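Student: Attaching a predicted model along with its sequence, questions to come.
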Amino acid sequence: MQHESTSCLPMFFCCDGCPPVKLPDDVPPQNFVESLPMEMSVKIFSELDPESLCSASRTCKQWHAIIEQSEQLWRRQCLLLQAICQREVDVDRRDGLSWKVTLVRNYSRSCLKRDWLRGRYSYVDSADKLLSKRMVPMDAETWGEILQAELDR
């Protein structure tokens, strides 16, 4: 499908109230970020899970800038993670870490903790079965939660 020139110029919006950047008529938008308002681009990115969000940020400079600068995206993901690692997230936020740093620090931990709490490792015959799993350090309180969940099973 060929780009047809119209009287409306495609544009995208920058963060912090910058004026929209207008593209010349002969340059079609390369992706949705160039043609949608910033808020809509953020809404689209907010539908991604953390791994997909990180992959999307490596797509192009524009996507990276939007994803990197949007605390809203990282906050939403972090709040989902908080259901499993509330104490860890609360400590990181209390220490003044950004939503993104908090998510990065706790994402692998939350996946592993969720699996432990669901009983995924309840009947492991040997440590060899755990070698293929990515393990992360957990504090004594987390291990206490896991042990209690095992005792309750």
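Tutor: Alright, I've got the coordinates.
Student: buried ones in the longest helix seen in the chain?
Tutor: Across the chain, the longest stretch assigned as helix under DSSP state H is helix 99-117. Neighbour counts over helix 99-117 (16 or more other C-beta atoms under 10 Å) mark 99-100, 102-107, 109-113, 116-117 as buried. Glycine gets a C-beta too; all of them are placed from N, C-alpha and C.
Student: Next: stretch 81-92.
Tutor: Neighbour counts over stretch 81-92 (16+ other C-beta under 10 Å) mark 81-82, 84-85, 88-89, 92 as buried.
Student: How far does it stretch from one end to the other?
Tutor: 13 Å (C-alpha to C-alpha, to the nearest Å).
Student: Next, report how far that stretch is displaced from the centre of its chain.
Tutor: Remark: stretch 81-92 is offset 15 Å from the chain centroid, using C-alpha atoms, centre = their mean, to the nearest Å.
Student: One more: stretch 124-138?
Tutor: That offset, for stretch 124-138, works out to 25 Å (C-alpha atoms, centre = their mean).
Student: Show the end-to-end separation of it, please.
Tutor: 19 Å.
Student: Mind pulling up the pLDDT for the most centrally placed residue in the chain?
Tutor: Centroid-nearest residue in the chain: P50, 2.9 Å away (criterion: C-alpha atoms, centre = their mean). In this model, P50 is scored at 84, pLDDT.
Student: Nearest residue to it in space, please, no chain neighbours.
Tutor: Leaving aside its sequence neighbours, P50 sits nearest to Q77 (C-beta to C-beta, 6 or more residues apart in numbering; 5.1 Å).
Student: show me the contacts for R87.
Tutor: Residues near R87 by C-beta atoms under 8 Å, 6 or more residues apart in numbering: 141-142.
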